[in-house]
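Student: Build me a model from this:
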Amino acid sequence: MRDYVVHPPAIVGFQPMRGPTFARPTEDQSQAILACGVAVGPFATIYAGSNIGEDTMICPYVSIREGVRIGKRCVI
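Tutor: Numbering: from 1, shown residues only. Okay, the predicted model is just below:
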C-alpha cells in the first residue's frame with residue numbers, strides 16, 4: 001500500500017540526462033524516495049536520487065533534482 005499521492009502526469013524517479021556540459025558526476029542514480037504523506041502535484045518532476053520527507057507537498061510544475069533532500073512538512 002502506498003502512503004503518498006502522485007497526481008498524473010507527474011513523474012517520479014526520472015533519470016537525469018548526462019552530457020559534457022554537466023558538472024555533476026555521471027553515476028547512475030537510484031530511485032526517488034517519498035515518505036508517508038507526500039503529495040506530488042500534476043506536472044511535477046521528481047528526479048531519481050532525491051529524498052522527500054513526511055507530509056511534504058510538492059506543488060504543480062515543480063522540479064526536484066537528484067541529490068536533493070527535503071525535510072518533513074514542507075511546501076515546495
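
Student: burial count for R69?
Tutor: Residues lying near R69 (other CB atoms under 10 Å) number 10. The C-beta positions use only the backbone N, C-alpha and C, and glycine is treated the same way.

Student: same question but for A32, I mixed them up
Tutor: 21.

Student: Likewise for A39?
Tutor: Neighbour tally, A39, other CB under 10 Å: 18.

Student: where in this structure is pLDDT low?
Tutor: Along the chain, segments meeting pLDDT under 70 span 1, 21-28.

Student: please redo it, this time with the cut-off set to 50
Tutor: Across the chain, no stretch falls below the confidence threshold (pLDDT under 50).

Student: Could you name the residue of it that is farthest from its center?
Tutor: P20 (23.7 Å; CA atoms, centre = their mean).

Student: sec struct for that residue, please.
Tutor: coil (DSSP: H, G, I helix; E, B strand; the rest coil).

Student: I'd like to know how far it sits from I70.
Tutor: 29 Å (CB to CB, to the nearest Å).

Student: give me the beta-bridge partners of the most centrally placed residue in the chain?
Tutor: Nearest to the mean C-alpha position of the chain, by CA atoms, centre = their mean, lies I46 at 2.5 Å. When assigned by DSSP bridges, I46 has beta-bridge partners V12, I64.

Student: which ones are touching it?
Tutor: 10-14, 32, 34, 40, 52, 58, 64 (CB atoms under 8 Å, 6 or more residues apart in numbering).
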